[in-house]
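Engineer: Sequence first, predicted coordinates after that:
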Amino acid sequence: WEETVSPDVFTTLDATTLPHIIQRQANGSFTVGTYTWKERLVGDDETNPFPSFISDVANNVGKKINQTFFHRNRLGFLCEDNIILSRASEPGNFFHDSALVVGPSDPIDIQASSTQPTTLKNAIESNTGLVIFAETQQFLLHTDSDSLTPETGKVSNISTYRYSPLVPPISLGTTIAFVDGAGIYGRFFEMFDIRREGEPENIDILTNSRENNTVFLAVSGSKDILGYRYFNTGEKREQSSWFKWTLPYALESLFVIGNEIYIVSSDYNLLKIPLLRHSYDPHVTGDDIFGNSASDSLLYAGYSIHLDSYKTLTAGSYDGTHTVVSTTFVGTVDQLSAVNLSTGEVFMEDTSSRSGNNYKFFGDFGGDTVVVGLLFNYEVTVPRIFVKKQAGGLTTSDVTASLTLQRVHFRFGPVGQIDVRIDRVGKDPMQIQYDSTPMDTYDADEAPLVNEKTQTVPVYERNHNCLIKLKSFHPGPAQLFSMAWEGDYTPMYHKRV
């Protein structure tokens, strides 16, 4: 004899009410349609029931599926407080092969139990199992054996942090990041080493580049992208920091492919920002670089052009005052700059003479190949300086000691022009502009760049009374490698416990 299905039960899932598929064709086009779901071939509603996302089989009434995912070669659904996985290697089959025994490849339908209301919203794989997110807690679907089966699978509660279902969690390699949007500020969490930072509310975009150890967060409709950069050595987090990019246009979405971040602007333009320098990035190609020639590959490649939304164009005609360049830009266009690739000369736009898509620049570079783009402000705020001591593998800062900073030394790689601003308590701010090339030792038409420079900046203030910022508005490079300082330090002979 052979097993068969009971004659008085329903056997088929309604494909029109289940998740649809987007399938890429051989010619590069995509088709959208329903998927072929396997029928129930054996048993009845007791021995081989419909999956739990179907609440009323007779009337074809189901529950909302919050997310689809793949885990251990199974198609999975999150529905209310249930995790439903298909048969192994059969993503369209949610029924048992036999009503008599439970096999290791059979579907898994397991409930996440909790004392709080639990609606499962998202899931992401980790090296220990499937981490599942509800709005107020997190679960782990795992197994103690080598294979995940209906008999070995179990769900454990691992944490009770709030989670914003608007933003899917992301993997950072060995850890998982997610966002909580409750309260005035959003919070960024990292599992299992939890970290929090005060960020803008309503964060609804989260993506990452694991190759570059960077997480990007944003609010759709805004111009700001927040970045979280981290560096690990084995299992240890050595360094981490936050930064912010301000775009000339509002964004609707962003995602990372390879070493480039792609941005969909509010007017539905697709733009990209490279996360690494490439050989095809625009850089000065002539010989007019101070103290070097094109044969010096390190400096030659280092004089790259730093302009936002840049384009490589051929300049138009020169009218005796202005050179005209015709092009279009996305977003609000502030002052433009043009850099001559053969000489490194920088030309500024006369914004008062702008007409439509015709931009006029002071100076004569008619017919030359130039890079035209938006000037943007590069700014680094130096953390408050303290004397640090290491003991027992821990680094501590002596915050009660007296420290008067005499001077700081910034070590740069390729650098052109840099501004240093020192905000001082009770005094006017001090801002000094430093040009890297020494005066009276280079030709006027040479690119104002050096390959490496240590710039000494006088301070003469207590560490608590000053804040140091580095700024650069110049289209040339400004690569900061490290900082050292000199000062007068006394521990004040306080008794510390």
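Structural biologist: Noted; the coordinates are in hand.
Engineer: tell me the SS of the residue nearest the centre of the chain?
Structural biologist: Centroid-nearest residue in the chain, with C-alpha atoms, centre = their mean: residue 216, separated by 2.3 Å. Secondary structure, DSSP: H, G, I helix; E, B strand; the rest coil: residue 216 is strand.
Engineer: who's in contact with it?
Structural biologist: 205-209, 225-227, 254, 256, 261 (C-beta atoms under 8 Å, 6 or more residues apart in numbering). C-betas here are computed from N, CA, C, even on glycine.
Engineer: For residue 191, see how far away it is.
Structural biologist: 18 Å (C-beta to C-beta, to the nearest Å).
Engineer: same check, this time on residue 368
Structural biologist: Distance, residue 368 to residue 191, by C-beta to C-beta: 53 Å.
Engineer: before we move on, what about residue 59?
Structural biologist: For residue 59 relative to residue 191 (C-beta to C-beta), the value is 41 Å.
Engineer: what's the answer for residue 254, then?
Structural biologist: 23 Å.
Engineer: more crowded one of the two?
Structural biologist: Legend: neighbour count by other C-beta atoms under 10 Å for residue 254 and residue 191, higher for residue 254 (22 against 19).
Engineer: any residues touching stretch 48-55, and which ones?
Structural biologist: 5, 10, 13, 40, 42, 57, 61-63, 65, 77, 79, 82, 84, 94-96, 99, 107, 109, 111.
Engineer: what about residue 111, neighbour count?
Structural biologist: 13.
Engineer: my guess is it meets residue 81, correct?
Structural biologist: Yes: Residue 111 is in contact with residue 81 according to C-beta atoms under 8 Å; the separation is 5.6 Å.
Engineer: What's the first helix or strand after the helix or strand of the chain with the lowest mean pLDDT?
Structural biologist: Lowest mean confidence among the helices and strands of the chain (mean pLDDT, DSSP states H and E): helix 297-302, at a mean of 46. Next along the chain after helix 297-302, taking DSSP states H and E as the criterion, comes strand 308-314.
Engineer: Now do that next one: distance to the chain's middle.
Structural biologist: 24 Å (C-alpha atoms, centre = their mean, to the nearest Å).
Engineer: what do you get for stretch 486-495?
Structural biologist: 41 Å.
Engineer: What's the mean pLDDT across that stretch?
Structural biologist: What stretch 486-495 shows for mean pLDDT is 81.
Engineer: buried set for it?
Structural biologist: residue 487 (16 or more other C-beta atoms under 10 Å).
Engineer: Give me every residue in contact with it, excluding its own residues.
Structural biologist: 385, 387, 398, 400-409, 463.
Engineer: Repeat the analysis, applying 6 Å as the threshold.
Structural biologist: 387, 400-407 (C-beta atoms under 6 Å, 6 or more residues apart in numbering).
Engineer: Format the CA atom coordinates belonging to it as PDB.
Structural biologist: C-alpha atoms of stretch 486-495 as PDB (Å, rounded to 0.1, in the frame of the first residue of the first chain):
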ATOM      1  CA  GLU A 486      53.900  68.400  23.700                       C
ATOM      2  CA  GLY A 487      52.800  70.000  27.000                       C
ATOM      3  CA  ASP A 488      53.400  70.500  30.700                       C
ATOM      4  CA  TYR A 489      51.900  67.800  32.800                       C
ATOM      5  CA  THR A 490      51.600  67.400  36.600                       C
ATOM      6  CA  PRO A 491      49.400  64.700  38.300                       C
ATOM      7  CA  MET A 492      48.600  67.300  41.100                       C
ATOM      8  CA  TYR A 493      49.600  64.700  43.700                       C
ATOM      9  CA  HIS A 494      46.000  63.700  44.200                       C
ATOM     10  CA  LYS A 495      45.400  60.500  46.100                       C
END
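Engineer: i'd like the first residue to be 409 from this point on
Structural biologist: All right, first residue 409 from here; so that's stretch 894-903.
Engineer: Pull the number of nearby residues for the closest residue to residue 867 other than its chain neighbours.
Structural biologist: In space, residue 867 comes closest to residue 813 once its chain neighbours are excluded; the distance is 4.3 Å by C-beta to C-beta, 6 or more residues apart in numbering. Using other C-beta under 10 Å, residue 813 has 22 other residues around it.
Engineer: ok, back up a step: and the contacts of stretch 894-903, which two are furthest apart?
Structural biologist: 808 and 815 (23.3 Å; C-beta to C-beta).
Engineer: When these two are compared, which one has more neighbours?
Structural biologist: residue 815 (13 against 10).
Engineer: Which parts of the host helix or strand of that one count as buried, going by neighbours?
Structural biologist: Using DSSP H and E, residue 815 sits within strand 810-823. For strand 810-823, burial by neighbour count (16+ other C-beta under 10 Å) applies to 811, 813, 816, 818, 820-823.
Engineer: contact partners of it?
Structural biologist: Contacts of strand 810-823 (C-beta under 6 Å, 6+ apart): 710, 844, 859, 861-867, 869-871, 885-898, 900.
Engineer: how far does stretch 467-482 sit from the chain's center?
Structural biologist: 29 Å.
Engineer: Return the item of the contacts of stretch 894-903 having minimum pLDDT.
Structural biologist: Minimum pLDDT across those falls on residue 808, with 82.
Engineer: before we move on, what SS does that one have?
Structural biologist: Relying on three-state DSSP, one would call residue 808 coil.
Engineer: where in the stretch 609-758 of the chain is pLDDT low?
Structural biologist: Low-confidence segments of the stretch 609-758 of the chain, defined by pLDDT under 70: 609, 685-711, 739-740.
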